[in-house]
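K.L.:
this one's structure only:
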């Protein structure tokens with residue numbers, strides 16, 4: 001009778017078996033070709049994957065403690081720890097964040113003949129001398145640079161505060177140029193910047209480091225419904241000017257036009273259809289924008305070409321220069 005009960009006992013034992021934390025560590029080390037260091041991990045009290053996940057690598061003291069001397073094995077451990085962290089990391093932040101702006105891949109107007117696409121972000125530059133003067137640009141994200149650049153011809157129209165002359169050095173040579181102070185608005189956030197003249201518009205690391213970036217690798221065509229939840233809230237009619245790059249123009253007289261919010265029912269998207277979006281959310285170091293006092297605009301006659309989009313919305317062409325005219329002493 002005892003022999004007949006033995007299989008049931010064995011079945012109960014195996015069903016309750018759970019691998020120990022040390023066994024999980026050994027299995028993880030084997031998966032990454034580092035099983036020879038198992039004893040060192042045990043002696044260093046790294047006996048669970050949760051403890052290993054907390055390692056801040058590279059760290060020579062940790063390598064010495066684990067007796068890892070080969071550079072290749074150090075890098076292998078770094079990659080393995082990073083992968084280990086990602087298993088518990090959510091695809092999106094645990095706290096829902098409203099994106100400040102969306103980037104896109106493409107060629108900016110100043111580099112239409114470029115061979116490759118750039119990461120482009122729309123932003124507005126506002127004069128610190130005269131806040132009613134501002135201009136919206138397509139900026140290239142240049143994380144390899146620490147400066148903000150703008151096209152010379154537009155710089156001259158914004159009445160920016162001159163900081164002085166600098167000697168700019170780059171991969172293609174060096175030159176003397178002026179350095180200006182301005183306010184940069186990205187979505188709903190503002191920050192003070194230093195900007196220099198160039199033939200293209202770019203945002204360097206001093207700007208982009210103030211934002212968190214979420215790269216969405218999904219196909220936008222398939223996930224278009226999910227993206228609606230990520231879009232910023234619609235701009236109200238009280239906004240000092242319309243969302244970046246989309247400006248609806250309503251005529252009020254023969255020589256003046258009023259800048260009004262875009263028609264949200266029109267078929268206009270902030271995101272391209274065939275590219276993955278880059279969501280930018282702000283950090284706490286940036287300030288909320290102050291309302292601009294002016295509500296009317298005049299369009300330079302040399303740059304007044306307009307392009308029709310559907311039947312209800314008029315878009316300013318990329319070359320248009322907009323000068324905001326307001327009261328000298330707004331109340």
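P.N.:
Arrived safely, thanks for sending. Bear in mind the structure is a predicted one, so any value in this text is a computation, not a measurement.

K.L.:
output the contacting helices and strands for the host helix or strand of residue 81.
P.N.:
Assigned by DSSP states H and E, residue 81 falls within helix 71-86. Counting by 3 or more C-beta pairs under 8 Å, 6 or more residues apart in numbering; DSSP states H and E, the packing neighbours recorded for helix 71-86 are helix 21-31, helix 49-53. In this view, the C-beta of every residue, glycine as well, is placed from N, C-alpha and C.

K.L.:
including mean neighbour count and distance to residue 64, could those helices go into a markdown table?
P.N.:
Listed next are the helices and strands packed on helix 71-86 as a markdown table, based on neighbours: other C-beta atoms under 10 Å; distance: least, C-beta to C-beta, whole Å:
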| stretch | mean neighbour count | distance to residue 64 |
| --- | --- | --- |
| helix 21-31 | 15 | 18 |
| helix 49-53 | 15 | 16 |
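
K.L.:
tabulate those (CSV), appending distance to residue 67 and mean pLDDT.
P.N.:
Below are those laid out as CSV (distance: least, C-beta to C-beta, whole Å; pLDDT from 0 to 100):
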stretch, distance to residue 67, mean pLDDT
helix 21-31, 13, 89
helix 49-53, 16, 87
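
K.L.:
redo the ones you listed as CSV? Include distance to residue 203.
P.N.:
Compiled in CSV, the helices and strands packed on helix 71-86 are given as follows (distance: least, C-beta to C-beta, whole Å):
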stretch, distance to residue 203
helix 21-31, 40
helix 49-53, 34
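
K.L.:
is it true that residue 155 touches residue 180?
P.N.:
Yes: with contacts counted by C-beta atoms under 8 Å, residue 155 reaches residue 180, the gap being 6.7 Å.

K.L.:
buried sites along stretch 145-156?
P.N.:
By neighbour count on 16 or more other C-beta atoms under 10 Å, the buried set for stretch 145-156 is 145, 147, 148, 149, 150, 151, 155.

K.L.:
what's the answer for stretch 179-189, then?
P.N.:
179, 180, 182, 183, 184, 185, 186, 187, 188, 189.

K.L.:
quick check: the farthest pair among those?
P.N.:
Of all pairs drawn from the buried residues of stretch 179-189, the greatest distance, 27.0 Å, lies between 179 and 188 (C-beta to C-beta).

K.L.:
still on that earlier bit, report the next helix or strand after the helix holding residue 81 in sequence order.
P.N.:
strand 101-106.

K.L.:
buried residues in that following strand, which are they?
P.N.:
Applying 16+ other C-beta under 10 Å to strand 101-106 flags 101, 102, 103, 104, 106 as buried.

K.L.:
what is the nearest of those residues to residue 70?
P.N.:
residue 103 (39.8 Å).

K.L.:
how near is residue 106 to residue 112?
P.N.:
Per C-beta to C-beta, to the nearest Å, residue 106 is found 10 Å from residue 112.

K.L.:
cool, residue 103 as well?
P.N.:
For residue 103 relative to residue 112 (C-beta to C-beta), the value is 18 Å.

K.L.:
what does residue 66 give?
P.N.:
53 Å.

K.L.:
before we move on, what about residue 127?
P.N.:
For residue 127 relative to residue 112 (C-beta to C-beta), the value is 28 Å.

K.L.:
looking at these two, which is more packed in?
P.N.:
Ranked by neighbour count (other C-beta atoms under 10 Å), residue 127 and residue 112 place residue 127 first, with 20 against 9.

K.L.:
what sits closest to the more buried one if chain neighbours are left out?
P.N.:
Using C-beta to C-beta, 6 or more residues apart in numbering and skipping the chain neighbours, the partner closest in space to residue 127 is residue 133 (4.4 Å).

K.L.:
what about that neighbour, neighbour count?
P.N.:
21.

K.L.:
pretty sure it sits against residue 126.
P.N.:
Yes: Residue 133 is within contact range of residue 126, at 7.4 Å (criterion: C-beta under 8 Å).

K.L.:
going along the chain, name the strands of the stretch 101-250 of the chain.
P.N.:
101-106, 118-127, 134-141, 148-151, 161-170, 173-186, 189-198, 202-203, 211-215, 248-251 (DSSP state E, counting those that start in this stretch).
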